[in-house]
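dropping the sequence and predicted coords here.
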Amino acid sequence: MTDASDGLTMVDAINRALHEAMAEDDTTAVMGQDVGVNGGVFRVTEGLIDDYGVARVIDTPLAESGIVGLAIGMAMNGARPIAEMQFSGFSYYALAQIENHAARIRWRTRGAHTVPLVIRMPYGAGVRALEHHSESREVFYGHMPGLKTVIPATPARAHALLHAAIRDPDPVIFMEPKAVYRQMREPIADDAEPAQIGTSRVVRRGKDLTLVSYGAMLHRALEAAETLAAEDIDIEVIDIETIAPLDAETIAKSVGQTGRLLIVNEAPPSYGAAGEIAMRVIEQEFYALRVPIRRVCGWDVHVPFFAREQTYLPSVDRIRGAARAMMAD
Amino acid sequence: MTDASDGLTMVDAINRALHEAMAEDDTTAVMGQDVGVNGGVFRVTEGLIDDYGVARVIDTPLAESGIVGLAIGMAMNGARPIAEMQFSGFSYYALAQIENHAARIRWRTRGAHTVPLVIRMPYGAGVRALEHHSESREVFYGHMPGLKTVIPATPARAHALLHAAIRDPDPVIFMEPKAVYRQMREPIADDAEPAQIGTSRVVRRGKDLTLVSYGAMLHRALEAAETLAAEDIDIEVIDIETIAPLDAETIAKSVGQTGRLLIVNEAPPSYGAAGEIAMRVIEQEFYALRVPIRRVCGWDVHVPFFAREQTYLPSVDRIRGAARAMMAD
Amino acid sequence: MTAYLSWPDPKFEPHEALAPDGTLLEDDEIDIGTLEQIYKTMLCARRFDERLLKLQRQGALGTFAPIKGQEAAQIGAAACLREDDWLVPSFRETGAALWRGADMADLLVTLAGWNAGNDLPEGARTLPDTVPVASQLPIAAGIAHAGRLRGEDAIVMACFGDGATSEGDFHEALNFAGVLEAPVVFLCQNNGWAISTPRARQTASQTLAQKAHAYGIPAAQVDGNDALAVMQVTQEAVALARDKGQPAMIEALTYRMEVHTTADDPTRYRDEGEVEEWQDRDPIERVRKLLVARSQLDDAMQEALEEEIRDRIDAAWKEAKDRISRLEETPGTAMFDHIFAEPTAPLRRQRKEFSDQEEAAND
Amino acid sequence: MTAYLSWPDPKFEPHEALAPDGTLLEDDEIDIGTLEQIYKTMLCARRFDERLLKLQRQGALGTFAPIKGQEAAQIGAAACLREDDWLVPSFRETGAALWRGADMADLLVTLAGWNAGNDLPEGARTLPDTVPVASQLPIAAGIAHAGRLRGEDAIVMACFGDGATSEGDFHEALNFAGVLEAPVVFLCQNNGWAISTPRARQTASQTLAQKAHAYGIPAAQVDGNDALAVMQVTQEAVALARDKGQPAMIEALTYRMEVHTTADDPTRYRDEGEVEEWQDRDPIERVRKLLVARSQLDDAMQEALEEEIRDRIDAAWKEAKDRISRLEETPGTAMFDHIFAEPTAPLRRQRKEFSDQEEAAND
Ligand SMILES: Cc1ncc(C[n+]2csc(CCOP(=O)(O)OP(=O)(O)O)c2C)c(N)n1
Ligand SMILES: Cc1ncc(C[n+]2csc(CCOP(=O)(O)OP(=O)(O)O)c2C)c(N)n1
Ligand SMILES: [Mg+2]
Ligand SMILES: [Mg+2]
């Protein structure tokens, strides 16, 4: 469907990873609302049902807790399920299954049963969608023991990280920044390797300030960094990719060199991811910090209806403003 | 039931606040599993059904989302519901109702409808209970816009804060540290005033280090502070009480004087409350910090079955150890 | 077939009143005045829907859920409510909302992405859309229960689709309403599809109506494209709720003639032939024929009505555009409004931070 | 009573096979050998339950849920499973677990608060307790579905109580099983109470069995204190599941003779007379009388059996105490085990921090 020569969109990259995983391992199965015949409301699961049939690509009834419960049970009985929550804003219906079972069954049964499960969900604002289609609640998952939570920022990383998530012997929450779904293209090699879950990625080298972000906001962070180069502010940008387990070492190492830490994400600030990142850096590199850590996040409000969702989201300007202020601190 | 002369337990204090609120305002209603005839599994709602009848004290079917949905609807139609989740570990079933509706209806209807709702739930470890009866997930609620989240640490504060929560025109999550339920007694004056939601409380003055905590861990923090006095370490202890909106000003002011911040809570550390508290203090008093902020929390594991739950919980020793280390830093 | 296990054997027959040609199936006494009103609202809802689709395709509005084909099911049912009854919709009830007096300009402003379109009068008993499927149902039970405890006889109509019956919240809501005797009329518009999931794959039960029986609640199936039949069944359910606090469920058999939402492409999953078949059962056409037969309507009146509707929609869109341009001038700080009765300290600080930055950017 | 709305009218009659005096109600051919096994397990479960209660009251064990009165319902049902079938319990299935070969010492270690009691063999098909009510049911559907997709004919028995039928997860699980044709036998032990909530206030439906019909699933009511009747109904359900992938639900009418859990005081909410009435319908007594009548049991055998059970329980408790003392010597770092296949970097660091502190404290 896409001309691979100019690269794949994130939708296509994830779709490709799903196709590859289904082909490689016939215990893999995909389930969710509209994932089969319809190919997913974002077309992420396009074509899977044609290639792998209704036994492995399950159009489920409209019930999130049921979907995740089904997937957990399948995972306990030899399958490698990849469940979709149509939007992360509806994943709360499955939160109890995730916290009480997906994250605990290995532990509860002392390893007798495991839950090699991936739960995919598009999240985040920026696509002019309806209410409840724009939230970022990655910390709900990041805070739960027994879970890994991954957020890719680009098509190639989505491809590589999804492969890693599917291979992981434990449950992985895979949150897809839907604002990036069709925003950019990246080439993906035929023999692309799975990524590693639990490591952050330095995506731009710089010596003045460490800018940490993930998901759709990474691109704004990068844009801010690029444009600030003209002002002689040299920013190192890190894509954390794995919300949990957080690779704070990579960030701390960078802060050890720059002395400045700015965190950008789109969730409401209070009890969001920035606090944890800050705390972990403080634990490791407090004395290297030259100025206060800052964060640029959404606000402690509901994402406004779409006409004003951009006022909610961290703008490149706000990021630049914060970085400049930190250089002046 | 209790001889008020030596004070009330937290169970009795909450029970008294409920009786007072029901007497004061006949739109108040209580609902949940076993809250009526049985008086609640912890006896927190004891006697309410005798005084106020089945119309205002509703023994519901076994369904958390239903209970919270019912309460939201009642709140929209003139009532002031106080719903109980039997244990916070089962409140996840209601998380979607809380996030998608309780927290949003005022906003969605532009003030045409409001949700003056209190959701009470016992939380936390330390009472030798079954699996799922020991969790602390206050940040789930702290992170949601449109909610207030309160955790009292003592009987008198529970009484005063519950009155405040019931009077609040917006939804309040009221988390009760069940380890404190019968652990201590406090006298409560007949004319005790409601507390203020959104302010933290300095419970011990000190000049060397600011120790922030809440819930059951506050008492361990206080014990650590008292015993460290013998080592000439003079600790200021703050009970934050309101998880959201967090009163970071009181904490920052204290840190401005002590230069040291130690945070103690029992949730898993990753993406827990400590990060937010740290971040807010950094935003306000970074330059006052003399040593790295530290936290003593639970661990990123499930609370072990009860024989080992104390290995999970922050011990007074661990708190003391962290404080001593900070003084030596 | 089985010795001990008994199989479900539901006995529902969809109630019908009006044949597709507009003749009455039984010699009912009918309230032609109300049917005329219903007709006008159905037609208005259809035209409004068409306009929304056009505006959406032009980029003026965001994603929305067309109601084409479901006008009789929702307007016939809403017509049985008193003004002080509550309507708790899902997201596909523009028709019911219009019957209840919703302002088209408000709806347009909302669909253009502005929260301000939801500026309801205090205590408004027609609620705005609920997006999370079935989540409105426990709330509807609560609204109903509180009113009844207060001695009011207002009832609640809660709307949802076939897909919604699979959610836990549907189950909990009907069970609560049954046990508490909360006066709720649960109106299920079974339009055959939940996005791409056909009714048959949503649940193995023969009917959706029988699900109510699991809660001790009476239920009926009705031809949802037959406004008169819908009214008759709904009147009975409303009376039960009002007089006895007895909830009931209505399964209105209808069809989604359009896309699920404007983000959807139904050709991927359903046969266009199905849509054509349902065209012959158009809910508006049926009432039109009845009205014509009863001399309540002729071509001239129809034309006048169409014109009136067109004018109203034009005026509403004009007003909406005006309001939107004014909204575009309002500061972004509006996003901090209505989070709490009183903004909390962090929100006040954030609001200030935001407006300082906005000002700096405008400098 | 109503013209359009139809009321639920369930036709369930609880199946009975064995009269309270131990005589057969119909001239069934019975498998006396299996009944003897069931009898032994029921008796063992009763005595174990009694011992648990005593140990709990002495402070040696934590909170637990006694099964007294429900032995026939759960053991009669579990007896219809093959070894490779799955048992997915709630938290009140000690009897079923014992039938399935659970080790009493393991159970005691768990109840004494040690995760190590749940040290199951890899892939064990009798799962440990599920505490969150009804949450095991969607998982049971998933286990069943995966097995079936793989071509296995193992089936799943999922246990839950009357209260569990109110949870959304019950609804979603039965609906999924119905649509996917997942071979699950949903065994509802309706013991009359959900803590203090009587069955009648849990739901307005006349029976719980009829709830299955909402999902197109067959169901039966059975006298849950009649082990033979339970077996007969369960065998049918198991066969349907195994042969056709057809889920079914069984409502076993029984009674919780004891406290809800050891943290509960039932005198606050229920009439002790009710308990006494059910005493006459004791599930164990009934089978005992049958066995005696068939000369499979006499006083001497009964005494020997009681002694054997006592010895087994004594031995198990002795073993459990030994294991517990050894567990008390193990380092606290055990809490970091089994969180992931491979501990993550933060967990490795936390484990080290913890053990450094433990060591420092021991110095
Ligand atoms: C809890 C939840 N899950 C998923 C969705 C996404 N979604 C929106 S509408 C819809 C289908 C609804 O089907 P139905 O209930 O039949 O109503 P209809 O759209 O046909 O009116 C889905 C899956 C949602 N809005 N809420
Ligand atoms: C989701 C959830 N909510 C509440 C509880 C607390 N709780 C434990 S058992 C119980 C009652 C269960 O009743 P029932 O399903 O009839 O089973 P029974 O205890 O009678 O065996 C309740 C409310 C729980 N464990 N899980
Ligand atoms: Mg539908
Ligand atoms: Mg029960």
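Good, I have the coordinates. Ligands and ions are numbered 1, 2, ... in the order given.

quick check: domain ranges of chain C?
Domain ranges of chain C: C:32-330, C:332-363, per automatic domain parsing.

just the mean pLDDT for the shortest one, thanks.
Same thing as domain C:332-363. Taken as a whole, domain C:332-363 has an average pLDDT of 94.

where do the strands sit along the stretch 1-150 of chain A?
A:28-32, A:57-59, A:80-84, A:118-123, A:148-150 (DSSP state E, counting those that start in this stretch).

how about CSV for those, with distance to chain B, mean pLDDT and mean neighbour count added?
Where you see a C-beta, it was placed from the backbone N, CA and C, and this is true even at glycine. Shown next, in CSV, are these (distance: least, C-beta to the nearest C-beta, whole Å; pLDDT from 0 to 100; neighbours: other C-beta atoms under 10 Å in any protein chain shown):
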stretch, distance to chain B, mean pLDDT, mean neighbour count
strand A:28-32, 17, 98, 25
strand A:57-59, 22, 98, 24
strand A:80-84, 17, 98, 28
strand A:118-123, 13, 98, 27
strand A:148-150, 9, 98, 27
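
distance to chain C added to these, as TSV?
As requested, the strands of the stretch 1-150 of chain A are arranged in TSV below (distance: least, C-beta to the nearest C-beta, whole Å):
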stretch	distance to chain C
strand A:28-32	11
strand A:57-59	6
strand A:80-84	13
strand A:118-123	12
strand A:148-150	22
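
out of these, which gets nearest to residue D:145?
strand A:57-59 (8.3 Å; C-beta to C-beta).

quick one: stretch A:91-108 near ligand 2?
No: using C-beta under 6 Å from any ligand atom, stretch A:91-108 never reaches ligand 2; the gap is at least 7.5 Å.

off-centre distance for that stretch?
19 Å (C-alpha atoms, centre = their mean, to the nearest Å).

and the end-to-end length of it?
23 Å (C-alpha to C-alpha, to the nearest Å).

pLDDT of that stretch, averaged?
On average, the pLDDT along stretch A:91-108 is 98.

hmm, that stretch touching chain D?
Yes: looking at stretch A:91-108 against chain D by C-beta under 8 Å from any C-beta of the partner chain, the contacts come from A:96-97, A:100-101, A:106-108.

just give me the residue right at the centre of chain A.
The centre of chain A sits closest to residue A:151, judged by C-alpha atoms, centre = their mean, with a distance of 1.4 Å.

wouldn't that residue be in contact with residue A:172 here?
No: assessed by C-beta atoms under 8 Å, residue A:151 is found out of contact with residue A:172, at 11.1 Å.

count the residues that sit near residue C:151.
6 (other C-beta atoms under 10 Å in any protein chain shown).

and the gap between it and chain D?
Per C-beta to the nearest C-beta, to the nearest Å, residue C:151 is found 22 Å from chain D.

so what pairs up with the closest residue to residue A:82 other than its chain neighbours in the strands?
Once flanking residues are discounted, residue A:82 sits nearest to residue A:118: 4.6 Å by C-beta to C-beta, 6 or more residues apart in numbering or on different chains. Counting by DSSP bridges, residue A:118 is bridged to residue A:82, residue A:172.

okay, domains of chain A per the record?
A:10-180, A:201-328.

out of these, nearest to residue D:307?
Closest to residue D:307 of the domains of chain A is domain A:10-180 (C-beta to C-beta; 33.5 Å).

is the closest one anywhere near ligand 3?
No: figure legend: domain A:10-180 not in contact with ligand 3 (C-beta under 5 Å from the ion); closest approach 9.1 Å.

first-to-last residue distance for that domain?
Per C-alpha to C-alpha, the first residue of domain A:10-180 is 7 Å away from its last.

any low-confidence regions in the chain?
Defaulting to chain A. Scanning chain A for pLDDT under 70 picks out A:1-5.

wait, chain C
In chain C (pLDDT under 70), the answer is C:1.
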